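Asks: got a predicted model here, sequence first, then my questions.
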Amino acid sequence: MSAQPVERTSTPVLELRDLAVHFGGVRAVDGVSMKLMPGLIYGIIGPNGSGKSTLLGAITRLTRMTRGELLFDGASYAHVPPSRLARLRVARTFQMVRLLPDLNVRANIQIGADSRTTSDDRTGSRPSWFERLRGPAVSPAVVDAIRRTRLGGFESYYPSELSYGTQRRVEVARALAMDPRLLLLDEPTAGMNQSERAEISGLLRDLRDEGLTQLLVEHDVQMMMDTCDYVFAMNSGQLIAEGEPGEVVRNPAVQEAYLGRKWGRDA
Amino acid sequence: MMDFYDSNLVLIQATCTGLILALSIQVPLRMGVFSFAGAGSYGIGAYLAAILVIEQEVSAFVAIGAAMLATAVIGLLLGLLIFKLNGLYLAMATVAFDLIIGVITINGGETTGGSTGLYGVITDFTMGQMFALTVIVLALVALSEVGRTGRRVDAVRDDPELALSMGISLRRYRLTAFVVSGALGGLAGAMNVLVRSAIGPLDIGFGLIVLGLTMIIVGGSRSWKGAVIGAIIFTWLPDILTAIGEWQELVYGIIVALAAVFLPRGIYGVLVDLNKWLRRRRRERRDPPPAVAAEQAGDIDPKPGDVREFALNEETVP
Amino acid sequence: MQDLLSVVTLGSIYLLFALGMSLTWGTIDILNFGHGAIFMFSSFTAYLVLQQTELGLPLIVLLGLVVGALMSLLIQVLAFEQIIKRAKDKRTAEMQILIGGIGVAIIPLAIAQHHTKSNPFGFSSSTFTVDTWTMGDLRITNIAALSIVVALVLWVAAAVWLRRSRQGLALRSIGVDAETAALMGIDRRKMALVTMAVSGGMAGLSGVLFTFGLGAITAESGDTLLVKAFACIILGGVGSMLGVAFGAFFLAAAETVVLTQTSGSWVEAVSFGLIFLVLLFRPSGVFGRADVRRT
């Protein structure tokens, strides 16, 4: 069903097959299939309550799925515990900002890098138990994430001392510090002003050019059109359209899902 | 100095055991595990060490080691049984565990000495060894509060879901909390019986839970320093309050109640907040925070949703 | 038969005590660990008053009721409301209420212990005397009969109140969903105060009746009952009125069996063991609604 740009690598980074999440009688996600090819930015748009965030929850295994199959690099991970996902280098941000109040910005970002120090590290040598307990003071990944999200100068601030937009950037930085192969972003620009949004959009495109696959949930369609290579539209837990961003936005079903509601309220 | 030491030996000993008891409740609490099982482990450790010394005449070292090993294993088993419970339910299950230990010691016949308990537990245990053990425990606990482990413990407590997505196994941390709590409780109990040479059911009742808890609540629940503050206050306060006279228990009660209601992070938490505030003041005076620059750069929309839908309208409505 | 009667008597005391705790826990999410202190201190106040003047049974019962309700209101306003105001989320609030209740309870306990030197105290100077009535081979004291009647009446009253009345409806909706309740225009603060007063009154009442029934209690009596009441509530299921009655009588029966069948003092372990087993195998209790299960 996918008309994706044909890449040399034929294995998708992430593949969902007929994924469903039901809460009692509520079908939050109801039979969604999608393939994410490496090195592209994918977006999911849809009105509130269309199941976007639930879908991210299921992909990251935090939300129990009712049926379906999840594959990462072609291998099923539908039964892998959520804490193992970091080892596959799947990183995510949350819809609500979730920073740890007692840690400063640097330490909050360092948690992301911490997830990389137990598994096959880039250094090659397995760290001793003491090093694992202690962790590095500041990882290069953290320095890099701080630079890319332009958080320099904020390192010793606590989350409660930051504006909402800046807090969101810390979230993105924490995910980047995990050195992800797949980055899932749940409304990364909510609460940001226009210039901050453009900045994040630029950052995500830079990361894409370096080969990072991303899945972005937003309802800011302008942001999606600027950023994404390929967009899925969801309504009532199902995919109603997919394709090039411009194409999907002009799709009558998508317009109805968004605007039918909007017109009904304005009329 | 030596005079002070000699005349207050009992209080100094009680500070050490009280501190480790407090840590046995604080360590799981810091990982978001609301378990009082440390008090039960204290009872097990004390009785086990006493029985080993009386019946097998083992050395203090062996008695303490055996007590810690046993309570760590019991902690693990208890954890495997109940680590899925949350919040109040976990707290009450562990209270029940503690009280059951108390009933068992009363009904243990000659082995536990019934309601009079065991006495004559005399070994070669010295104050130097006690201090050494206390310092080692403190150092290990302090190590778990810094660096990678410290960050991960914070994540497990404050946001379990976030911790999972950062690759932290909640199950492993929670079980560790039970094991460490068990070992620390066992150590506190064993050391106590070795210095006091006696143990009875009255020493390990509901009051022990309240004592450990009040030390943490008043001292501070997020750091070993809080436990130290609490242990010192509640070991020495009753002694100092005798000066206040016959109402010492009332004053004690009022302090605990006030701390529980108004200082949920304890005295140490107040110090930390104060330090944070001072640092911010100093920083703001030195140079304006970058946050101001960011906020002046553009209007931050207070309700993101509106702007998003507006953006869609502009794009799609002809 | 006599055993059954003593089970019913013991169960009534448990029910009377646990009823108030269950009411606040099931509706306004307050597991009040000061409940045992209210129980004890109401009785202690009655004891103090009785040393000054002679009172009959109705006045003593009334005194216990009023003192209990006032103490409960005081704890709610001075401690629990402050905690809820400061807590960042519901989970921390629950924990701090538990800890705050333990903390607050130390104060009345310290006063009573100081005054009685931890010796038992009773109502020996009241004008009321305990008689034993005999019916066939059954013997029952007038105070035991009174306890049973009062417990059953209050239990039915609480259940009917929760089910029928506007206030009861409001309370139940708070217990199920605080936000919806707020949308319905329910004044949470007022409802919480009423509930705490009712709950405290029940604790005071049970304290006085318990002291009459036993002859004397000690300052520490509240602590043990607290854990037993917790066992009754979770066995039946938090928020269920039928459940708390089932829990109370089940616990009384189990304790009586253990008391008559075993030697030693294993009877105390029954409630603790029960808590453990219920939490392991059926945390929502026998009559618990799965949707109110607080895990």
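Replies: Good, I have the coordinates.
Asks: ranges for the helices of the stretch 151-300 of chain B?
Replies: B:160-165, B:170-196, B:206-219, B:224-241, B:248-262, B:266-286, B:290-296 (DSSP state H, counting those that start in this stretch).
Asks: and the third one, what does it pack onto?
Replies: Here helix B:206-219 is seen to pack against helix B:9-30, helix B:37-51, helix B:87-106, helix B:224-241, helix B:248-262, helix B:266-286, helix C:90-116 when contacts are counted using 3 or more Cβ pairs under 8 Å, 6 or more residues apart in numbering or on different chains; DSSP states H and E. C-beta coordinates here come from the backbone N, C-alpha and C atoms, glycine included.
Asks: highest mean neighbour count out of the ones you listed?
Replies: helix B:37-51 (a mean of 30; mean count of other Cβ atoms under 10 Å in any protein chain shown).
Asks: does anything pack onto that helix? Which helices or strands?
Replies: Packed next to helix B:37-51, using 3+ Cβ pairs under 8 Å, 6+ apart, are helix B:9-30, helix B:60-82, helix B:87-106, strand B:118-119, helix B:170-196, strand B:198-199, helix B:206-219.
Asks: for these, give me JSON lines that also has mean pLDDT.
Replies: Shown next, in JSON lines, are these (pLDDT from 0 to 100):
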{"stretch": "helix B:9-30", "mean pLDDT": "93"}
{"stretch": "helix B:60-82", "mean pLDDT": "95"}
{"stretch": "helix B:87-106", "mean pLDDT": "89"}
{"stretch": "strand B:118-119", "mean pLDDT": "88"}
{"stretch": "helix B:170-196", "mean pLDDT": "95"}
{"stretch": "strand B:198-199", "mean pLDDT": "91"}
{"stretch": "helix B:206-219", "mean pLDDT": "89"}
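Asks: which one, of these, ends up nearest to C:Cys232?
Replies: helix B:87-106 (12.4 Å; Cβ to Cβ).
Asks: check which helix or strand covers A:Arg106.
Replies: A:Arg106 is located in helix A:105-114, with elements delineated by DSSP states H and E.
Asks: quick one: average pLDDT of that helix?
Replies: For helix A:105-114, mean pLDDT rounds to 91.
Asks: any bit of that helix sitting next to chain B?
Replies: Yes: contact of helix A:105-114 with chain B (Cβ under 8 Å from any Cβ of the partner chain) involves A:107, A:110-112, A:114.
Asks: other SSEs contacting that helix?
Replies: helix A:140-148, helix A:164-177, helix B:147-158.
Asks: one more time with 10 Å
Replies: Applying 3 or more Cβ pairs under 10 Å, 6 or more residues apart in numbering or on different chains; DSSP states H and E, we find helix A:105-114 packed against helix A:140-148, helix A:164-177, helix B:147-158, helix B:160-165.
Asks: angle of the second one against helix A:105-114?
Replies: In this case it means helix A:164-177. Angle, helix A:164-177 to helix A:105-114, by axes from the mean of the first three to the mean of the last three Cα atoms, to 10 degrees: 30 degrees.
Asks: who in the stretch 1-150 of chain C is up against chain B?
Replies: C:25, C:29, C:31, C:33-34, C:75, C:78-83, C:86-88, C:90-111, C:113-114 (Cβ under 10 Å from any Cβ of the partner chain).
Asks: list the buried ones in stretch C:229-238?
Replies: C:229-238 (16 or more other Cβ atoms under 10 Å in any protein chain shown).
Asks: residue in the stretch 1-150 of chain C with the shortest distance to chain A?
Replies: C:Lys88 (8.5 Å; Cβ to the nearest Cβ).
Asks: count the residues that sit near that residue.
Replies: For C:Lys88, the neighbour count with other Cβ atoms under 10 Å in any protein chain shown is 10.
Asks: quick one: it is in a helix?
Replies: No: secondary structure of C:Lys88 (DSSP: H, G, I helix; E, B strand; the rest coil): coil, not part of a helix.
Asks: so residue 21 is in which element?
Replies: In the absence of a named chain, this looks at chain A. Going by DSSP H and E, A:Val21 is in strand A:14-23.
Asks: nope, chain C
Replies: helix C:2-28.
Asks: average pLDDT across that helix?
Replies: For helix C:2-28, the mean confidence score works out to 88.
Asks: quick one: buried residues of it?
Replies: C:5-28.
Asks: please enumerate the helices of the chain.
Replies: In the absence of a named chain, chain A is used. A:52-59, A:105-114, A:129-134, A:140-148, A:164-177, A:194-209, A:221-227, A:245-250, A:252-255, A:261-266 (DSSP state H).
Asks: think we crossed wires, I meant chain C
Replies: Going by DSSP H, chain C shows helices at C:2-28, C:35-52, C:57-75, C:81-86, C:90-116, C:142-164, C:166-176, C:178-183, C:188-214, C:221-236, C:241-261, C:267-281.
Asks: output those helices as TSV; include the columns distance to B:Ile217.
Replies: Listed next are the helices of chain C as TSV, based on distance: least, Cβ to Cβ, whole Å:
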stretch	distance to B:Ile217
helix C:2-28	21
helix C:35-52	17
helix C:57-75	17
helix C:81-86	12
helix C:90-116	6
helix C:142-164	33
helix C:166-176	28
helix C:178-183	26
helix C:188-214	22
helix C:221-236	18
helix C:241-261	29
helix C:267-281	23
